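# Build the 3D model from these lines:
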Amino acid sequence: MAEMNGFSIVDGSEFGDRQAANRAYLELINEAFGFDEAGEDFARLLPKLFGPSRDPASCTTFAVDSSDGRLLACAGRFPVTFYLGNKPVKAFGIGNVCARKELRNMGLMSQVMKAAVERMIEDGAVFSFLGGSRHRYSHFGFERTGVAYEFDLSEKTLKKLAAEDLSAYVLKPLAAEDGAALRFIAGCDCRQWRANRGAADMFDTLSSWHAAPYVLYKNGRPCGWAVIQDGRKVTEAVTVDSTDILPLLSLLGRLHSPLTVRIPEYDIGLFDALLPLAESWRTGADNCFNVLDYKALLSVMMELKAGCSKLADGCLDVVVNGIARTESLRIEVKNGKPSVSALSDTANALKLSHKDAMCLFFNRGLPLSRSLDPAPASWFPLPLYVSSPDDV
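Modelled structure (predicted):
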């Protein structure tokens, strides 16, 4: 607990009465975000965090009134483990960052965010992500980066797809009580880069943000799933067999039309299926990210990049003055195989601020990249991406 002028910074795991803490937490964020007036509620919006038996306060940093213990401001830091193959990557999603309306512009939000970032570093986070304002959160190390593609499928295209013979397929809304479907999704997620999701939490995860999850069946057996937000935006479309992706899109198109499908750069099977169908497409940054361990994240992202495109041989020495620490690294590709190692001789290394490193490695078109040797310049941006159901 850190004492400030009239308030304390407290980790929510320290509260003794868990139910009371979470009730007060929900009241604070509903009021601060104006949900009470709008008829919205975080319990409905984010059941994966605020559903029954959840304890979101344990993963949140609070500013607490020193006189009466009232919650004044908060910043949630919710753990998510991502996997590249079998390699785990520890991350945190930042959410519910706010202060009470009458206490804004007093620095409370800044204090809880600083404390939340420090706690994530202590807990060994490799990176963090959030969906808020780039300029608001840049003060804490976040930058809008990563790579996402969006493909627009017109009503005409979807009608043509739906005219194909789909008699073997059925698309059903995912139900909270459908244990077999939930276990299928949890056990058959074969994407190269994915979040760890258990079957018990799957429905709440996929239906958060008022999303509609569906399961695709082929000859009576589940073979894929999709998630749709706002009636037209497909934020996740996954099939075990790539030949089932067009039937999945076709049946989605019968229910929702037109569609915009958002995908990561490394999902080349879905990319190749969507490109000839799309009326238009675009690429841009995925989210606001904050890298706290460059060596760990660059290692997995270079490997992920190598899995979807050929990498030119080359070497890049860098010193990154990061948020968590200064890291001296050699990024190298030999015979198409990437590696990231500690660098001892930094005399000729490229010196990077945290922001420049974020933008160079994970963004498109940074002026600094134009001065790199051709091989290292071709590696970036790396395909960092967080699927929308995993956002907080």
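# Now stretch 166-177 - C-alpha only, CSV.
Taking Å, rounded to 0.1, in the frame of the first residue of the first chain, the C-alpha atoms of stretch 166-177 are listed here in CSV:
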residue,chain,number,x,y,z
LEU,A,166,-23.9,-26.6,-47.8
SER,A,167,-26.1,-29.6,-46.9
ALA,A,168,-23.4,-31.1,-44.8
TYR,A,169,-23.1,-28.0,-42.6
VAL,A,170,-25.1,-26.4,-39.8
LEU,A,171,-24.3,-23.2,-38.0
LYS,A,172,-25.7,-22.9,-34.5
PRO,A,173,-25.4,-20.1,-31.8
LEU,A,174,-23.0,-21.2,-29.1
ALA,A,175,-24.9,-21.9,-25.8
ALA,A,176,-23.5,-21.5,-22.3
GLU,A,177,-24.8,-25.0,-21.4
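# Report the mean per-residue pLDDT for it.
Averaged across stretch 166-177, the pLDDT comes to 96.
# after the worst-scoring helix or strand of the chain on mean pLDDT, next one along is what?
Least confident helix or strand, the chain: strand 2-3 with a mean of 60, by mean pLDDT, DSSP states H and E. Counting by DSSP states H and E, the next helix or strand C-terminal to strand 2-3 is strand 7-11.
# Run me through the strand neighbours of that next one, direction for each.
When pairing is defined by DSSP bridges, strand 7-11 lines up against strand 2-3 (antiparallel), strand 60-65 (antiparallel).
# how big is the angle separating the helix or strand just after that strand from strand 7-11?
Following strand 7-11 in sequence order, the next helix or strand is helix 18-32 (DSSP H and E). Here helix 18-32 runs at an angle of 120 degrees relative to strand 7-11 (axes from the mean of the first three to the mean of the last three Cα atoms, to 10 degrees).
# Report the next helix or strand after helix 18-32 in sequence order.
helix 35-38.
# Give me the distance between the closest residue to V300 other than its chain neighbours and A342.
With sequence-adjacent residues excluded and distances taken as Cβ to Cβ, 6 or more residues apart in numbering, V300 is closest to L84, at 4.5 Å. Every C-beta, even on glycine, is put in place using the N, C-alpha and C of the backbone. According to Cβ to Cβ, to the nearest Å, L84 and A342 sit 20 Å apart.
# So which of those two has more stuff around it?
Remark: of L84 and A342, L84 carries more neighbours, 18 against 9, as counted by other Cβ atoms under 10 Å.
# Need the strands paired with strand 7-11 in JSON lines (columns: mean neighbour count and distance to D241).
Below are these laid out as JSON lines (neighbours: other Cβ atoms under 10 Å; distance: least, Cβ to Cβ, whole Å):
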{"stretch": "strand 2-3", "mean neighbour count": "10", "distance to D241": "53"}
{"stretch": "strand 60-65", "mean neighbour count": "24", "distance to D241": "41"}
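# For A306, which of the ones you listed is the nearest?
When those are compared by Cβ to Cβ, strand 60-65 sits nearest A306, at 37.0 Å.
# quick one: strands adjacent to the following helix or strand past the closest one?
Going down the chain from strand 60-65, the next helix or strand is strand 71-84, by DSSP H and E. In the sheet, strand 71-84 lines up against strand 60-65 (antiparallel), strand 87-99 (antiparallel), strand 193-195 (antiparallel) (DSSP bridges).
# How far away from the center of its chain is strand 71-84?
11 Å (Cα atoms, centre = their mean, to the nearest Å).
# all strands for the stretch 51-200 of the chain, in order.
Taking DSSP state E, counting those that start in this stretch to define them, one finds strands in the stretch 51-200 of the chain at 60-65, 71-84, 87-99, 127-130, 143-145, 148-153, 169-173, 193-195.
# Please save the CA atoms from the first one in PDB.
I take that to be strand 60-65. Coordinates of each C-alpha in strand 60-65 appear next as PDB, following Å, rounded to 0.1, in the frame of the first residue of the first chain:
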ATOM      1  CA  THR A  60      -7.000  -4.400 -10.200                       C
ATOM      2  CA  THR A  61      -5.000  -1.400  -8.800                       C
ATOM      3  CA  PHE A  62      -7.100   1.100  -6.900                       C
ATOM      4  CA  ALA A  63      -6.800   4.600  -5.400                       C
ATOM      5  CA  VAL A  64      -8.700   4.400  -2.100                       C
ATOM      6  CA  ASP A  65      -9.800   7.400   0.100                       C
END
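# The strands of the stretch 51-200 of the chain into CSV, with extra columns for distance to N363?
Shown next, in CSV, are these (distance: least, Cβ to Cβ, whole Å):
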stretch, distance to N363
strand 60-65, 28
strand 71-84, 20
strand 87-99, 19
strand 127-130, 14
strand 143-145, 5
strand 148-153, 12
strand 169-173, 36
strand 193-195, 18
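# between these, which one is nearest to R232?
Ranking those by proximity to R232 (Cβ to Cβ) places strand 148-153 first, at 9.4 Å.
# coming back round to it: can you redo the strands paired with strand 7-11 as JSON lines with distance to L216?
Shown next, in JSON lines, are the strands paired with strand 7-11 (distance: least, Cβ to Cβ, whole Å):
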{"stretch": "strand 2-3", "distance to L216": "50"}
{"stretch": "strand 60-65", "distance to L216": "36"}
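# got a list of what N22 touches?
When contacts are counted by Cβ atoms under 8 Å, 6 or more residues apart in numbering, N22 touches 50, 54-57.
# Would you mind checking those for buried ones?
Buried by 16 or more other Cβ atoms under 10 Å: 50, 54-57, out of the contacts of N22.
# Which residues are in contact with R370?
R370 touches A377, counting by Cβ under 8 Å, 6+ apart.
# From L311, how far off is it?
Distance of R370 to L311, computed by Cβ to Cβ: 19 Å.
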